[in-house]
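Peer 1: quick one: sequence and predicted model below, then my questions.
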Amino acid sequence: MEKRKQSYFRPDPRTWLLLCLLGIASILLVHSEIGGLCLFLGCLLIHLLTGKANKILPYALYYLVFYGIGWAGVRLLDSNVAFSVSSMLSSIGIVGRKILIPLSFATALAGEATGSLMAALQAMRFPKAVGIAVAVVLRFFPTISGEYRAIRSSQRFRGIGVGVVHTLTHLPSTVEYILIPLILRTTKVAEELSASMTVRGVRFSGETISYRPIHFSWKDGALCVFMAVIAGAVFVLEKGGVL
Amino acid sequence: MKEKVLGLKEFVIVLLLACVETAIAIVVAMPFAANLQLVYFLVPGLAGLINGIIYVLLIKKCPKIGTQFIIPMIYGLYFLFTGSVYVFAFFAILAVVNELIMLGGGYRSKIRPAIPHALTWMLNSMGSTLTMLLFRDSLVQSYVAMGMDAASADAAIASLEGFWLAPQNIAIALVAAAALSIAGYALGMKMLGKHFKPAGVV
(Lines give C-alpha, C1' and ligand atoms only; values in the text may rest on other atoms or scores of the structure.)
Protein backbone atom coordinates (compact mmCIF):
# COMPACT_ATOMS: atom_id res chain seq x y z
CA MET A 1 0.00 0.00 0.00
CA GLU A 2 1.32 3.37 -0.96
CA LYS A 3 2.25 5.38 2.05
CA ARG A 4 0.72 8.85 1.91
CA LYS A 5 3.19 11.57 2.72
CA GLN A 6 2.08 13.78 5.58
CA SER A 7 2.19 17.40 4.49
CA TYR A 8 2.51 18.78 8.02
CA PHE A 9 4.33 17.86 11.18
CA ARG A 10 2.30 15.78 13.65
CA PRO A 11 3.63 16.31 17.20
CA ASP A 12 4.13 13.57 19.74
CA PRO A 13 1.47 13.46 22.54
CA ARG A 14 4.23 14.38 25.01
CA THR A 15 4.74 17.64 23.11
CA TRP A 16 1.10 18.67 23.67
CA LEU A 17 1.37 17.73 27.32
CA LEU A 18 4.57 19.76 27.76
CA LEU A 19 3.07 22.69 25.84
CA CYS A 20 0.00 22.53 28.07
CA LEU A 21 2.18 22.66 31.20
CA LEU A 22 4.27 25.46 29.70
CA GLY A 23 1.03 27.30 28.88
CA ILE A 24 -0.14 27.03 32.50
CA ALA A 25 3.26 28.21 33.78
CA SER A 26 3.34 31.11 31.34
CA ILE A 27 -0.11 32.45 32.23
CA LEU A 28 0.93 32.35 35.87
CA LEU A 29 4.11 34.33 35.21
CA VAL A 30 2.98 36.81 32.54
CA HIS A 31 0.63 39.52 33.78
CA SER A 32 0.59 42.25 31.12
CA GLU A 33 -1.96 42.53 28.32
CA ILE A 34 0.70 42.76 25.59
CA GLY A 35 2.58 39.84 27.13
CA GLY A 36 -0.61 37.78 27.18
CA LEU A 37 -1.24 38.66 23.53
CA CYS A 38 2.34 37.60 22.60
CA LEU A 39 1.79 34.25 24.33
CA PHE A 40 -1.52 33.79 22.55
CA LEU A 41 0.04 34.60 19.16
CA GLY A 42 2.85 32.13 19.89
CA CYS A 43 0.22 29.51 20.73
CA LEU A 44 -1.59 30.20 17.43
CA LEU A 45 1.70 29.89 15.52
CA ILE A 46 2.29 26.47 17.10
CA HIS A 47 -1.16 25.34 15.98
CA LEU A 48 -0.43 26.68 12.49
CA LEU A 49 2.88 24.79 12.30
CA THR A 50 1.24 21.54 13.40
CA GLY A 51 -1.45 21.61 10.71
CA LYS A 52 -4.22 22.90 12.91
CA ALA A 53 -4.81 26.12 10.96
CA ASN A 54 -8.58 25.53 11.10
CA LYS A 55 -8.45 26.09 14.87
CA ILE A 56 -6.87 29.54 14.60
CA LEU A 57 -10.02 31.47 13.64
CA PRO A 58 -12.22 30.02 16.45
CA TYR A 59 -9.47 30.64 19.04
CA ALA A 60 -8.96 34.19 17.77
CA LEU A 61 -12.72 34.78 17.96
CA TYR A 62 -12.85 33.44 21.53
CA TYR A 63 -9.96 35.75 22.40
CA LEU A 64 -11.79 38.74 20.92
CA VAL A 65 -15.04 37.83 22.69
CA PHE A 66 -13.25 37.55 26.05
CA TYR A 67 -11.41 40.79 25.32
CA GLY A 68 -14.77 42.47 24.63
CA ILE A 69 -16.26 41.10 27.87
CA GLY A 70 -13.21 42.26 29.84
CA TRP A 71 -13.20 45.66 28.16
CA ALA A 72 -16.94 46.17 28.85
CA GLY A 73 -16.39 45.15 32.49
CA VAL A 74 -13.51 47.61 32.92
CA ARG A 75 -15.52 50.44 31.25
CA LEU A 76 -18.44 49.82 33.61
CA LEU A 77 -16.08 49.55 36.57
CA ASP A 78 -14.44 52.85 35.58
CA SER A 79 -17.87 54.50 35.40
CA ASN A 80 -18.85 53.05 38.80
CA VAL A 81 -21.83 51.29 37.21
CA ALA A 82 -23.12 48.03 38.75
CA PHE A 83 -19.93 47.16 40.63
CA SER A 84 -20.77 43.48 41.18
CA VAL A 85 -21.59 42.91 37.49
CA SER A 86 -18.69 44.93 36.10
CA SER A 87 -16.08 43.33 38.34
CA MET A 88 -17.23 39.84 37.40
CA LEU A 89 -17.29 40.70 33.69
CA SER A 90 -13.75 42.05 33.85
CA SER A 91 -12.57 38.92 35.70
CA ILE A 92 -14.27 36.61 33.17
CA GLY A 93 -12.68 38.53 30.30
CA ILE A 94 -9.19 38.45 31.79
CA VAL A 95 -9.18 34.86 33.04
CA GLY A 96 -10.99 33.59 29.90
CA ARG A 97 -8.19 34.84 27.64
CA LYS A 98 -5.55 33.30 29.90
CA ILE A 99 -7.22 29.87 29.88
CA LEU A 100 -7.34 29.76 26.08
CA ILE A 101 -3.59 29.04 25.85
CA PRO A 102 -3.34 25.80 27.92
CA LEU A 103 -6.85 24.78 26.87
CA SER A 104 -5.96 24.88 23.17
CA PHE A 105 -3.02 22.53 23.83
CA ALA A 106 -5.20 20.26 25.99
CA THR A 107 -7.73 20.08 23.14
CA ALA A 108 -4.94 19.02 20.78
CA LEU A 109 -3.83 16.39 23.33
CA ALA A 110 -7.41 15.09 23.49
CA GLY A 111 -7.29 14.52 19.74
CA GLU A 112 -4.45 12.00 20.05
CA ALA A 113 -5.19 8.26 19.82
CA THR A 114 -5.68 6.62 23.24
CA GLY A 115 -2.93 4.05 22.63
CA SER A 116 -0.40 6.73 21.62
CA LEU A 117 -1.36 8.83 24.62
CA MET A 118 -0.93 5.98 27.10
CA ALA A 119 2.35 4.83 25.53
CA ALA A 120 3.66 8.43 25.59
CA LEU A 121 2.73 8.88 29.24
CA GLN A 122 4.34 5.59 30.14
CA ALA A 123 7.48 6.66 28.27
CA MET A 124 7.50 9.70 30.57
CA ARG A 125 7.58 7.27 33.52
CA PHE A 126 4.09 8.20 34.71
CA PRO A 127 2.21 5.45 36.58
CA LYS A 128 -0.28 3.53 34.45
CA ALA A 129 -3.17 4.96 36.51
CA VAL A 130 -2.23 8.46 35.32
CA GLY A 131 -2.31 7.33 31.68
CA ILE A 132 -5.72 5.73 32.18
CA ALA A 133 -7.03 8.83 33.97
CA VAL A 134 -5.80 11.26 31.30
CA ALA A 135 -7.10 9.12 28.42
CA VAL A 136 -10.50 8.59 30.08
CA VAL A 137 -10.99 12.23 31.11
CA LEU A 138 -10.00 13.66 27.72
CA ARG A 139 -12.38 11.30 25.90
CA PHE A 140 -15.21 11.63 28.40
CA PHE A 141 -16.27 15.27 27.96
CA PRO A 142 -17.37 14.98 24.30
CA THR A 143 -19.18 11.70 25.16
CA ILE A 144 -21.03 13.16 28.11
CA SER A 145 -22.07 16.27 26.18
CA GLY A 146 -23.61 13.96 23.57
CA GLU A 147 -25.39 12.01 26.33
CA TYR A 148 -26.64 15.27 27.86
CA ARG A 149 -28.07 16.42 24.51
CA ALA A 150 -29.83 13.07 24.06
CA ILE A 151 -31.33 13.26 27.56
CA ARG A 152 -32.42 16.88 27.05
CA SER A 153 -34.15 16.11 23.76
CA SER A 154 -35.96 13.08 25.19
CA GLN A 155 -37.06 15.08 28.26
CA ARG A 156 -38.28 17.95 26.08
CA PHE A 157 -40.33 15.40 24.15
CA ARG A 158 -41.98 14.54 27.48
CA GLY A 159 -42.58 18.23 28.24
CA ILE A 160 -39.77 18.55 30.83
CA GLY A 161 -37.55 21.64 30.70
CA VAL A 162 -39.38 23.21 27.74
CA GLY A 163 -38.49 26.90 27.72
CA VAL A 164 -36.91 29.09 30.36
CA VAL A 165 -40.14 29.86 32.27
CA HIS A 166 -41.15 26.19 32.52
CA THR A 167 -37.63 25.21 33.61
CA LEU A 168 -37.51 27.89 36.29
CA THR A 169 -40.99 27.15 37.66
CA HIS A 170 -40.24 23.42 37.84
CA LEU A 171 -36.54 23.71 38.62
CA PRO A 172 -36.13 20.89 41.24
CA SER A 173 -38.01 18.31 39.17
CA THR A 174 -36.28 19.42 35.94
CA VAL A 175 -32.86 19.05 37.57
CA GLU A 176 -33.84 15.65 38.98
CA TYR A 177 -35.18 14.32 35.67
CA ILE A 178 -32.07 15.43 33.79
CA LEU A 179 -29.41 14.72 36.41
CA ILE A 180 -30.48 11.19 37.40
CA PRO A 181 -30.43 9.79 33.81
CA LEU A 182 -27.11 11.59 33.24
CA ILE A 183 -25.57 9.95 36.31
CA LEU A 184 -26.96 6.55 35.33
CA ARG A 185 -25.57 6.92 31.79
CA THR A 186 -22.20 8.01 33.17
CA THR A 187 -22.09 4.93 35.38
CA LYS A 188 -22.90 2.74 32.35
CA VAL A 189 -20.23 4.47 30.23
CA ALA A 190 -17.71 3.95 33.04
CA GLU A 191 -18.56 0.25 33.27
CA GLU A 192 -18.26 -0.18 29.48
CA LEU A 193 -14.96 1.69 29.44
CA SER A 194 -13.46 -0.36 32.24
CA ALA A 195 -14.64 -3.59 30.57
CA SER A 196 -13.03 -2.43 27.31
CA MET A 197 -9.79 -1.62 29.15
CA THR A 198 -9.82 -4.94 30.99
CA VAL A 199 -10.13 -7.02 27.80
CA ARG A 200 -7.27 -5.03 26.25
CA GLY A 201 -5.10 -5.91 29.21
CA VAL A 202 -4.55 -2.37 30.42
CA ARG A 203 -4.67 -3.40 34.07
CA PHE A 204 -1.76 -5.81 33.70
CA SER A 205 1.75 -4.64 34.39
CA GLY A 206 4.17 -4.39 31.50
CA GLU A 207 5.08 -1.90 28.84
CA THR A 208 2.28 -0.25 26.88
CA ILE A 209 3.09 0.00 23.20
CA SER A 210 1.15 1.94 20.63
CA TYR A 211 -0.12 0.84 17.20
CA ARG A 212 1.08 4.21 15.92
CA PRO A 213 4.79 4.66 16.70
CA ILE A 214 5.52 7.51 19.09
CA HIS A 215 8.70 9.47 18.71
CA PHE A 216 9.80 12.70 20.36
CA SER A 217 11.78 14.28 17.51
CA TRP A 218 13.87 17.46 17.35
CA LYS A 219 10.80 19.22 15.91
CA ASP A 220 8.85 18.37 19.08
CA GLY A 221 11.72 19.73 21.15
CA ALA A 222 11.85 22.85 19.00
CA LEU A 223 8.12 23.53 19.56
CA CYS A 224 8.53 23.24 23.34
CA VAL A 225 11.66 25.42 23.28
CA PHE A 226 9.80 27.97 21.12
CA MET A 227 6.97 28.24 23.66
CA ALA A 228 9.44 28.38 26.57
CA VAL A 229 11.47 31.11 24.83
CA ILE A 230 8.37 33.23 24.14
CA ALA A 231 7.19 32.88 27.75
CA GLY A 232 10.70 33.57 29.09
CA ALA A 233 11.26 36.58 26.82
CA VAL A 234 7.88 38.12 27.68
CA PHE A 235 8.52 37.52 31.38
CA VAL A 236 11.98 39.15 31.21
CA LEU A 237 10.68 42.11 29.19
CA GLU A 238 7.84 42.52 31.68
CA LYS A 239 10.23 42.46 34.64
CA GLY A 240 12.47 44.95 32.81
CA GLY A 241 9.52 47.32 32.44
CA VAL A 242 9.51 47.11 28.62
CA LEU A 243 6.05 45.51 28.39
CA MET B 1 -10.16 -10.91 50.37
CA LYS B 2 -12.08 -7.68 49.89
CA GLU B 3 -9.94 -5.01 48.22
CA LYS B 4 -9.49 -1.80 50.19
CA VAL B 5 -8.20 0.28 47.27
CA LEU B 6 -10.11 1.17 44.10
CA GLY B 7 -9.99 -1.37 41.27
CA LEU B 8 -9.92 -0.41 37.57
CA LYS B 9 -13.70 -0.38 37.20
CA GLU B 10 -14.22 1.69 40.35
CA PHE B 11 -11.35 3.97 39.40
CA VAL B 12 -13.01 4.79 36.05
CA ILE B 13 -16.43 5.28 37.70
CA VAL B 14 -15.01 7.68 40.30
CA LEU B 15 -13.01 9.51 37.66
CA LEU B 16 -15.99 10.03 35.36
CA LEU B 17 -18.45 10.99 38.09
CA ALA B 18 -15.86 13.42 39.50
CA CYS B 19 -15.69 14.95 36.01
CA VAL B 20 -19.49 15.26 36.02
CA GLU B 21 -19.28 16.97 39.44
CA THR B 22 -16.75 19.45 38.03
CA ALA B 23 -18.85 20.08 34.92
CA ILE B 24 -21.95 20.67 37.07
CA ALA B 25 -20.04 23.13 39.28
CA ILE B 26 -19.02 25.09 36.16
CA VAL B 27 -22.52 25.00 34.63
CA VAL B 28 -24.16 26.06 37.92
CA ALA B 29 -21.86 29.09 38.10
CA MET B 30 -22.71 30.30 34.58
CA PRO B 31 -26.14 31.93 35.16
CA PHE B 32 -24.76 33.76 38.19
CA ALA B 33 -21.33 34.58 36.71
CA ALA B 34 -22.13 38.27 36.27
CA ASN B 35 -23.05 38.86 39.90
CA LEU B 36 -20.34 39.05 42.51
CA GLN B 37 -22.53 38.39 45.56
CA LEU B 38 -24.25 35.37 44.05
CA VAL B 39 -20.95 33.88 42.87
CA TYR B 40 -19.50 34.24 46.35
CA PHE B 41 -22.44 33.34 48.58
CA LEU B 42 -24.68 31.06 46.53
CA VAL B 43 -22.84 29.28 43.70
CA PRO B 44 -20.47 27.01 45.75
CA GLY B 45 -23.34 25.90 47.99
CA LEU B 46 -25.64 25.33 45.03
CA ALA B 47 -22.96 23.21 43.34
CA GLY B 48 -22.56 21.28 46.61
CA LEU B 49 -26.35 20.81 46.80
CA ILE B 50 -26.68 19.32 43.31
CA ASN B 51 -23.41 17.39 43.47
CA GLY B 52 -24.50 15.82 46.76
CA ILE B 53 -26.52 13.34 44.67
CA ILE B 54 -23.41 12.26 42.73
CA TYR B 55 -21.24 12.23 45.84
CA VAL B 56 -23.57 9.89 47.74
CA LEU B 57 -23.74 7.53 44.77
CA LEU B 58 -19.94 7.55 44.56
CA ILE B 59 -19.32 6.71 48.19
CA LYS B 60 -21.99 3.99 48.18
CA LYS B 61 -20.74 2.44 44.93
CA CYS B 62 -17.01 2.81 45.58
CA PRO B 63 -16.42 2.93 49.37
CA LYS B 64 -12.66 2.45 49.05
CA ILE B 65 -9.38 4.29 49.49
CA GLY B 66 -8.91 6.65 46.55
CA THR B 67 -12.49 7.83 46.09
CA GLN B 68 -12.13 10.83 48.38
CA PHE B 69 -8.77 11.68 46.83
CA ILE B 70 -9.94 11.78 43.22
CA ILE B 71 -12.99 14.06 43.68
CA PRO B 72 -11.13 17.20 44.91
CA MET B 73 -8.12 16.44 42.68
CA ILE B 74 -10.23 16.52 39.51
CA TYR B 75 -11.92 19.72 40.63
CA GLY B 76 -8.52 21.17 41.56
CA LEU B 77 -7.23 20.38 38.06
CA TYR B 78 -9.91 22.68 36.68
CA PHE B 79 -8.46 25.49 38.80
CA LEU B 80 -4.96 24.60 37.57
CA PHE B 81 -6.17 25.12 34.00
CA THR B 82 -7.57 28.53 34.92
CA GLY B 83 -4.11 29.50 36.16
CA SER B 84 -4.83 29.21 39.89
CA VAL B 85 -1.98 26.91 40.81
CA TYR B 86 -2.27 27.73 44.52
CA VAL B 87 -5.98 26.81 44.55
CA PHE B 88 -5.02 23.52 42.89
CA ALA B 89 -2.48 22.97 45.66
CA PHE B 90 -5.17 23.62 48.29
CA PHE B 91 -7.46 21.09 46.63
CA ALA B 92 -4.59 18.58 46.50
CA ILE B 93 -4.11 19.01 50.26
CA LEU B 94 -7.87 18.68 50.79
CA ALA B 95 -7.81 15.44 48.77
CA VAL B 96 -5.40 13.93 51.30
CA VAL B 97 -7.33 15.38 54.27
CA ASN B 98 -10.61 13.92 52.94
CA GLU B 99 -9.00 10.48 52.61
CA LEU B 100 -7.73 10.72 56.19
CA ILE B 101 -11.20 11.72 57.45
CA MET B 102 -12.68 8.57 55.93
CA LEU B 103 -10.05 6.18 57.30
CA GLY B 104 -11.13 3.74 59.99
CA GLY B 105 -14.65 2.90 58.88
CA GLY B 106 -15.71 6.30 57.56
CA TYR B 107 -17.74 4.77 54.75
CA ARG B 108 -19.84 2.76 57.22
CA SER B 109 -20.82 5.93 59.08
CA LYS B 110 -23.87 7.90 57.97
CA ILE B 111 -22.61 11.28 59.18
CA ARG B 112 -18.85 11.25 58.54
CA PRO B 113 -19.01 11.12 54.70
CA ALA B 114 -20.82 14.47 54.75
CA ILE B 115 -17.68 16.18 56.12
CA PRO B 116 -15.42 15.74 53.03
CA HIS B 117 -18.27 16.85 50.77
CA ALA B 118 -18.88 19.99 52.84
CA LEU B 119 -15.15 20.74 53.03
CA THR B 120 -14.77 20.46 49.24
CA TRP B 121 -17.47 23.05 48.54
CA MET B 122 -16.35 25.28 51.40
CA LEU B 123 -12.89 25.36 49.84
CA ASN B 124 -14.53 26.05 46.49
CA SER B 125 -16.17 29.13 47.96
CA MET B 126 -12.70 30.31 48.97
CA GLY B 127 -11.24 29.54 45.52
CA SER B 128 -12.30 32.87 44.05
CA THR B 129 -10.99 34.70 47.12
CA LEU B 130 -7.59 33.10 46.70
CA THR B 131 -7.58 33.72 42.94
CA MET B 132 -8.38 37.38 43.58
CA LEU B 133 -5.58 37.54 46.12
CA LEU B 134 -3.02 35.89 43.82
CA PHE B 135 -3.92 37.64 40.55
CA ARG B 136 -3.95 41.17 41.96
CA ASP B 137 -1.03 42.41 39.81
CA SER B 138 -2.47 40.84 36.70
CA LEU B 139 -5.86 42.49 37.26
CA VAL B 140 -4.35 45.93 37.86
CA GLN B 141 -2.22 45.69 34.69
CA SER B 142 -5.17 44.47 32.62
CA TYR B 143 -7.39 47.30 33.85
CA VAL B 144 -4.67 49.83 33.00
CA ALA B 145 -4.12 48.28 29.56
CA MET B 146 -7.86 48.53 28.89
CA GLY B 147 -7.89 52.27 29.39
CA MET B 148 -8.17 52.79 33.15
CA ASP B 149 -5.65 55.03 34.86
CA ALA B 150 -3.39 53.34 37.41
CA ALA B 151 -4.99 55.04 40.43
CA SER B 152 -8.56 54.08 39.38
CA ALA B 153 -7.43 50.52 38.65
CA ASP B 154 -5.84 50.25 42.07
CA ALA B 155 -8.97 51.70 43.70
CA ALA B 156 -11.21 49.25 41.81
CA ILE B 157 -9.06 46.32 42.92
CA ALA B 158 -9.09 47.64 46.49
CA SER B 159 -12.92 47.69 46.36
CA LEU B 160 -12.91 44.13 45.08
CA GLU B 161 -10.55 43.09 47.85
CA GLY B 162 -12.82 44.82 50.35
CA PHE B 163 -15.60 42.50 49.23
CA TRP B 164 -13.72 39.21 48.74
CA LEU B 165 -11.57 39.49 51.84
CA ALA B 166 -14.05 40.99 54.33
CA PRO B 167 -14.26 38.60 57.34
CA GLN B 168 -18.07 38.75 57.51
CA ASN B 169 -18.32 37.91 53.79
CA ILE B 170 -15.91 35.00 54.18
CA ALA B 171 -18.00 33.72 57.10
CA ILE B 172 -21.28 34.00 55.15
CA ALA B 173 -19.74 32.23 52.12
CA LEU B 174 -18.38 29.38 54.27
CA VAL B 175 -21.62 28.90 56.24
CA ALA B 176 -23.76 28.98 53.07
CA ALA B 177 -21.48 26.47 51.31
CA ALA B 178 -21.44 24.14 54.34
CA ALA B 179 -25.23 24.29 54.90
CA LEU B 180 -26.14 23.74 51.25
CA SER B 181 -23.61 20.95 50.70
CA ILE B 182 -24.86 19.11 53.81
CA ALA B 183 -28.40 19.55 52.43
CA GLY B 184 -27.00 18.13 49.16
CA TYR B 185 -25.70 15.10 51.03
CA ALA B 186 -29.14 14.57 52.59
CA LEU B 187 -30.74 14.98 49.15
CA GLY B 188 -28.29 12.42 47.77
CA MET B 189 -29.31 9.91 50.45
CA LYS B 190 -32.95 10.47 49.49
CA MET B 191 -32.21 10.04 45.77
CA LEU B 192 -30.26 6.88 46.54
CA GLY B 193 -33.38 5.23 47.92
CA LYS B 194 -35.70 6.76 45.35
CA HIS B 195 -33.75 6.14 42.13
CA PHE B 196 -30.39 4.41 42.39
CA LYS B 197 -31.27 1.43 44.61
CA PRO B 198 -34.40 0.53 42.58
CA ALA B 199 -32.33 0.89 39.37
CA GLY B 200 -29.79 -1.60 40.78
CA VAL B 201 -26.87 0.83 40.48
CA VAL B 202 -25.76 0.36 44.10
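Peer 2: Structure received.
Peer 1: looking at chain A, which helix or strand is least sure?
Peer 2: Lowest mean confidence among the helices and strands of chain A (mean pLDDT, DSSP states H and E): helix A:163-169, at a mean of 79.
Peer 1: list the buried residues of the very next helix or strand once past it.
Peer 2: Proceeding N to C from helix A:163-169, the next assigned helix or strand is helix A:171-199, under DSSP states H and E. With burial defined by 16 or more other Cβ atoms under 10 Å in any protein chain shown, the residues of helix A:171-199 counted as buried are A:174-187, A:189-190, A:193-194, A:197. C-beta here means a position set from N, CA and C on the backbone, and glycine is covered the same way.
Peer 1: from these, which are also near chain B?
Peer 2: Among these, the ones lying close to chain B by the criterion of Cβ under 8 Å from any Cβ of the partner chain are A:175-176, A:179-180, A:182-184, A:186-187, A:189-190, A:193-194, A:197.
Peer 1: and those, which is closest to B:Cys19?
Peer 2: Looking at these and their distance to B:Cys19, the nearest is A:Thr186, at 8.3 Å (Cβ to Cβ).
Peer 1: domain map for chain A?
Peer 2: A:10-113+A:213-243, A:127-211 (automatic domain parsing).
Peer 1: most tightly surrounded among the ones you listed?
Peer 2: Each of the domains of chain A was assessed for mean neighbour count using mean count of other Cβ atoms under 10 Å in any protein chain shown. The highest is domain A:10-113+A:213-243, with a mean of 19.
Peer 1: residues of the lengthiest helix in chain B that come out buried?
Peer 2: In chain B, assigned by DSSP state H, the helix with the most residues is helix B:167-191. Taking 16+ other Cβ under 10 Å as the neighbour-count basis, helix B:167-191 is seen to contain the buried residues B:169, B:173-174, B:176-178, B:180-182, B:184-185, B:187-189, B:191.
Peer 1: B:Tyr40 reaches B:Ala173, doesn't it?
Peer 2: Yes. Applying Cβ atoms under 8 Å, one finds B:Tyr40 in contact with B:Ala173, separated by 5.2 Å.
Peer 1: which residues are common contacts for the two?
Peer 2: By the contact definition Cβ atoms under 8 Å, 6 or more residues apart in numbering or on different chains, B:Tyr40 and B:Ala173 are jointly contacted by B:Ser125, B:Thr129.
Peer 1: what helix or strand does the nearest residue to A:Ser194 once chain neighbours are set aside sit in?
Peer 2: Using Cβ to Cβ, 6 or more residues apart in numbering or on different chains and skipping residues adjacent in sequence, the residue nearest A:Ser194 is B:Lys9, 3.9 Å away. When secondary structure is defined using DSSP H and E, the element that contains B:Lys9 is helix B:8-29.
Peer 1: report the buried residues of whichever helix or strand comes after that helix.
Peer 2: As assigned by DSSP H and E, the chain's next helix or strand after helix B:8-29 is helix B:36-41. Neighbour-count burial for helix B:36-41, with 16+ other Cβ under 10 Å as criterion, is recorded at B:Leu36, B:Leu38, B:Val39, B:Tyr40, B:Phe41.
Peer 1: next secondary structure after helix B:36-41?
Peer 2: With secondary structure assigned by DSSP H and E, helix B:36-41 is succeeded by helix B:43-61.
Peer 1: by contact count, what packs against that next one?
Peer 2: Applying 3 or more Cβ pairs under 8 Å, 6 or more residues apart in numbering or on different chains; DSSP states H and E, one finds that helix B:43-61 makes contact with helix A:171-199, helix B:8-29, helix B:67-81, helix B:114-134, helix B:167-191.
Peer 1: does any bit of the longest helix of chain B sit next to chain A?
Peer 2: Yes. Against chain A, helix B:167-191 shows contacts by Cβ under 8 Å from any Cβ at B:Met191.
Peer 1: element containing the residue lying closest to A:Ala25 once chain neighbours are set aside, please.
Peer 2: Closest residue to A:Ala25 apart from its sequence neighbours, by Cβ to Cβ, 6+ apart: A:Ala231 at 6.9 Å. Under the criterion DSSP H and E, the helix or strand holding A:Ala231 is helix A:218-239.
Peer 1: what does that helix rub up against?
Peer 2: When contacts are taken as Cβ under 8 Å, 6+ apart, the neighbours of helix A:218-239 outside the stretch itself are A:9, A:11-12, A:14-15, A:18-19, A:22-23, A:25-26, A:29-32, A:35, A:38-39, A:42-43, A:45-46, A:49-50, A:243.
Peer 1: then stretch B:98-118?
Peer 2: Outside of stretch B:98-118, the residues within contact range by Cβ under 8 Å, 6+ apart are B:48, B:51-52, B:55-56, B:59, B:63-69, B:71-72, B:97, B:119-120, B:177-178, B:181-182, B:184-185, B:189.
Peer 1: list only buried entries from these.
Peer 2: For these, buried by 16+ other Cβ under 10 Å: B:48, B:51-52, B:55-56, B:59, B:63-64, B:66-69, B:71-72, B:97, B:119-120, B:177-178, B:181-182, B:184-185, B:189.
Peer 1: since that was my last question, I'll sign off now.
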